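Colleague: Give me the fold of what follows.
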Amino acid sequence: MKSGNWIASVVVGASLVAGAFAASAQEQLIPSMVYRTGPYAPSGTPTADGFHDYITLLNNRDGGLNGVKLKVEECETAYNTERGVECYERLKAMGGTIFSPYSTGITYALIDRAPTDKSVIFSMAYGRASAMVGSIFPWVFNAPVTYWSGASAAIQFFAKEVGGKDKLKGKKIAHVFIDIPYGKEPNPVLQNYADELGFKLELVPVPAPGLEQKSIWLQIRQMRPDFVYLTGWGAMNAVSLKEAAAVNFPREKILGGWYTSQDSDVVGAGPAGKGFRGLTFHSVDRDLEVVKQIKAHVIDKGQASQNGKHLGEVGYMRGVLNAVFTTEALRAAQEKFGNKVMDGEQSRWGFENLNLTEDRLVKLGLKGFIQPIKLSCDNHQGDGKILIIQWEGDKWKTVSDWIAPENQKLMPLYLAGAEQYQREKNIPARSCAKS
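Modeller: Have a look, this model is predicted:
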């Protein structure tokens with residue numbers, strides 16, 4: 001089938017489905033943009049499973065959200081921006097209001113569309129960092145942290161390793177990153193820290209999909225950095241760890257970002273993964289009440305995605321958390337607008353009034369999983385915190401306390417990035433002042 005005919009069939013099919021969906025007034029469509037295929041599938045599949053299973057849990061155990069059934073509709077993006085935009089259009093036509101692209105590239109492509117379409121773009125801990133400025137990006141949310149938050153936590157970690165920030169002066173830090181928008185996102189903050197603290201930053205891009213890295217790690221060996229911050233993705237991550245081991249680069253000098261530190265990354269690396277440390281914005285506790293609930297109400301009933309094979313893994317629990325943010329925002333919106341299907345503007349209101357208190361997290365079966373977080377009109381990130389985890393060969397272990405990103409330092413950078421976007425697009429900032 002020619003691509004034009006395929007796209008046309010998608011549009012026609014979406015219109016038919018949208019008509020059918022309209023007849024189901026008490027069913028909220030939950031879009032699920034997944035990538036279960038391609039070189040990034042090892043990262044995308046567990047996340048898609050966790051998202052699906054949490055929504056199924058709410059339907060099976062609670063009857064949905066206050067009587068409103070939830071319908072997950074998956075669309076395969078293969079982590080490709082063009083296909084991602086096509087999925088967005090299809091899911092929007094079906095009645096979707098909240099979209100999680102799971103891709104920085106797709107997120108960037110959708111940011112301009114969101115205000116016109118009245119679509120919430122929820123890029124959980126990825127995407128455009130400056131989109132946390134809600135007065136300029138009213139339809140984009142990136143809670144609970146951003147890649148800039150991760151860069152801040154990484155520098156704090158490296159400073160602690162050498163005995164303080166002042167000891168970083170004269171050191172060399174290499175950022176090995178996949179050469180796509182996601183990989184480049186931390187660079188401005190890392191450079192800002194390098195200028196402030198006096199260390200040398202080496203930027204080492206890896207051509208996507210990152211399956212050939214021998215020359216990269218020979219370069220690292222010659223460079224002899226004190227630390228490597230690794231921002232990889234999918235199959236690239238295991239290759240990075242294997243090639244680092246092949247040139248005898250010390251594992252303890254490498255720290256991965258949170259999408260570089262999932263089970264698939266270290267399992268795929270084999271022995272080279274043991275001892276690897278990475279960032280996460282949630283705990284790696286598998287003994288959570290929500291895990292037990294999913295097993296009882298979804299897996300044991302034979303309704304889990306892939307029979308729950310990834311239950312409890314980092315990627316799976318990340319999908320669960322994405323579903324928690326999505327459904328709790330809808331629940332917040334219902335408190336204001338009534339127990340019915342929420343439209344785009346109501347969904348946005350729910351996100352801007354999302355308040356996951358300690359008590360609420362306990363009730364959700366997520367005690368200790370993330371730190372309490374509250375969003376607002378002008379802060380679409382909240383005040384999330386970060387942990388360092390280490391792979392022991394068969395499981396992850398937490399090896400740090402919660403690390404607070406240096407938001408006081410980052411805020412001027414967020415504002416500058418948002419204001420630059422505002423000038424480029426010639427759009428007004430909305431007022432978040434309370435009436």
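
Colleague: helix/strand/coil for Leu279?
Modeller: Of the three states, Leu279 takes strand under DSSP: H, G, I helix; E, B strand; the rest coil.

Colleague: what does Leu70 give?
Modeller: Under three-state DSSP, Leu70 comes out as strand.

Colleague: surely it meets Asn60?
Modeller: No. Using Cβ atoms under 8 Å, Leu70 makes no contact with Asn60, being 10.6 Å away. (C-beta placed from N, C-alpha, C; glycine too.)

Colleague: So between these two, which is more surrounded?
Modeller: Between Leu70 and Asn60, Leu70 has the larger neighbour count (other Cβ atoms under 10 Å), namely 21 against 17.

Colleague: mind checking the end-to-end distance for stretch 301-316?
Modeller: 18 Å (Cα to Cα, to the nearest Å).

Colleague: and it, how far out from the chain's middle?
Modeller: Distance, stretch centre to chain centre, for stretch 301-316: 19 Å (Cα atoms, centre = their mean, to the nearest Å).

Colleague: buried ones in that stretch?
Modeller: Buried residues in stretch 301-316, defined by neighbour count with 16 or more other Cβ atoms under 10 Å: 303-305, 308, 310-316.

Colleague: What of stretch 171-185?
Modeller: 171-178, 180-185.

Colleague: Secondary structure, distance to Glu424 and pLDDT for these - can I get that in CSV?
Modeller: Formatted as CSV, those follow (DSSP: H, G, I helix; E, B strand; the rest coil; distance: Cβ to Cβ, whole Å; pLDDT from 0 to 100):
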residue, secondary structure, distance to Glu424, pLDDT
Lys171, coil, 35, 98
Lys172, strand, 34, 98
Ile173, strand, 30, 98
Ala174, strand, 31, 98
His175, strand, 26, 98
Val176, strand, 30, 98
Phe177, strand, 24, 98
Ile178, strand, 25, 96
Ile180, coil, 21, 93
Pro181, helix, 16, 92
Tyr182, helix, 21, 94
Gly183, helix, 22, 96
Lys184, helix, 18, 96
Glu185, coil, 18, 95
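
Colleague: what's the closest of these to Ile216?
Modeller: Ranked by distance to Ile216 (Cβ to Cβ), the buried residues of stretch 171-185 are led by Val176 at 6.7 Å.

Colleague: Check the buried residues of stretch 301-316 and tell me the two furthest apart.
Modeller: Gln303 and Val314 (22.7 Å).

Colleague: give me the element Glu73 is part of.
Modeller: strand 69-76 (DSSP states H and E).

Colleague: Counting by contacts, list what that strand packs against.
Modeller: If you count contacts as 3 or more Cβ pairs under 8 Å, 6 or more residues apart in numbering; DSSP states H and E, strand 69-76 packs onto strand 27-34, helix 41-57, helix 81-93.

Colleague: Centre of the chain to the last one, how far?
Modeller: Helix 81-93 has its average C-alpha position 18 Å from the chain's average C-alpha position, going by Cα atoms, centre = their mean.

Colleague: Does anything pack onto it? Which helices or strands?
Modeller: Contact partners of helix 81-93 among helices and strands, from 3+ Cβ pairs under 8 Å, 6+ apart: helix 3-22, strand 27-34, strand 69-76, strand 98-99, helix 104-111.

Colleague: Let me know the pLDDT of Lys274.
Modeller: For Lys274, the pLDDT comes out at 94.

Colleague: Looks to me like Gln381 is in a helix.
Modeller: No. Assessed with three-state DSSP, Gln381 is coil; it does not lie in a helix.

Colleague: Neighbours of it, how many?
Modeller: By other Cβ under 10 Å, the residues close to Gln381 number 27.

Colleague: hmm, back to that, in a markdown table: the buried residues of stretch 301-316, plus distance to Tyr35, secondary structure and pLDDT.
Modeller: Shown next, in a markdown table, are the buried residues of stretch 301-316 (distance: Cβ to Cβ, whole Å; DSSP: H, G, I helix; E, B strand; the rest coil; pLDDT from 0 to 100):
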| residue | distance to Tyr35 | secondary structure | pLDDT |
| --- | --- | --- | --- |
| Gln303 | 22 | coil | 98 |
| Ala304 | 19 | coil | 98 |
| Ser305 | 14 | helix | 97 |
| Gly308 | 20 | helix | 96 |
| His310 | 15 | coil | 97 |
| Leu311 | 20 | coil | 98 |
| Gly312 | 21 | coil | 97 |
| Glu313 | 16 | coil | 97 |
| Val314 | 17 | helix | 97 |
| Gly315 | 12 | helix | 97 |
| Tyr316 | 15 | helix | 98 |
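
Colleague: Spit out the contact partners of the residue lying closest to Gly232 once chain neighbours are set aside.
Modeller: Residue nearest to Gly232 in three dimensions, not counting chain neighbours: Thr260, with 4.7 Å by Cβ to Cβ, 6 or more residues apart in numbering. The neighbours of Thr260, taking Cβ atoms under 8 Å, 6 or more residues apart in numbering as the test, are 230-233, 237, 240, 278.

Colleague: Lowest-confidence one in these?
Modeller: Trp233 (91).

Colleague: May I have the phi/psi pair for that residue?
Modeller: For Trp233, the backbone dihedrals are phi -160, psi 140 (criterion: degrees, to the nearest 10).

Colleague: Roughly how far does the residue nearest to it when sequence neighbours are not counted sit from Gly256?
Modeller: Nearest residue to Trp233, sequence neighbours excluded (Cβ to Cβ, 6+ apart): Ile178, at 5.0 Å. Plainly put, Ile178 is 12 Å away from Gly256 if you go by Cβ to Cβ, to the nearest Å.

Colleague: overlap in contacts of the two?
Modeller: Common contact partners of Ile178 and Gly256 (Cβ under 8 Å, 6+ apart): 231-232.

Colleague: hmm, back to that, and which of the contacts of Thr260 is nearest Asn142?
Modeller: Among these, Thr231 lies closest to Asn142 (Cβ to Cβ), at 16.1 Å.

Colleague: for the nearest residue to the closest one once chain neighbours are set aside, what are its contacts?
Modeller: Spatially, and ignoring its direct neighbours in sequence, Thr231 is nearest to Phe177 (4.0 Å; Cβ to Cβ, 6+ apart). With contacts taken as Cβ under 8 Å, 6+ apart, Phe177 has the following neighbours: 183-184, 186-187, 203-206, 230-232.

Colleague: Would you mind checking these for buried ones?
Modeller: For the contacts of Phe177, buried by 16+ other Cβ under 10 Å: 183-184, 186-187, 204-206, 230-232.

Colleague: residue contacts, the residue nearest to Trp233?
Modeller: By Cβ under 8 Å, 6+ apart, the contact list for Ile178 reads 205-206, 208-210, 231-233, 236.

Colleague: swap in Trp402?
Modeller: Here Trp402 is in contact with 371, 385-387 (Cβ under 8 Å, 6+ apart).

Colleague: Redo the residues you listed as JSON lines? Include pLDDT and distance to Met132.
Modeller: Formatted as JSON lines, these follow (pLDDT from 0 to 100; distance: Cβ to Cβ, whole Å):
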{"residue": "Gln371", "pLDDT": "97", "distance to Met132": "16"}
{"residue": "Lys385", "pLDDT": "98", "distance to Met132": "15"}
{"residue": "Ile386", "pLDDT": "98", "distance to Met132": "15"}
{"residue": "Leu387", "pLDDT": "98", "distance to Met132": "20"}
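
Colleague: Lovely, talk soon.
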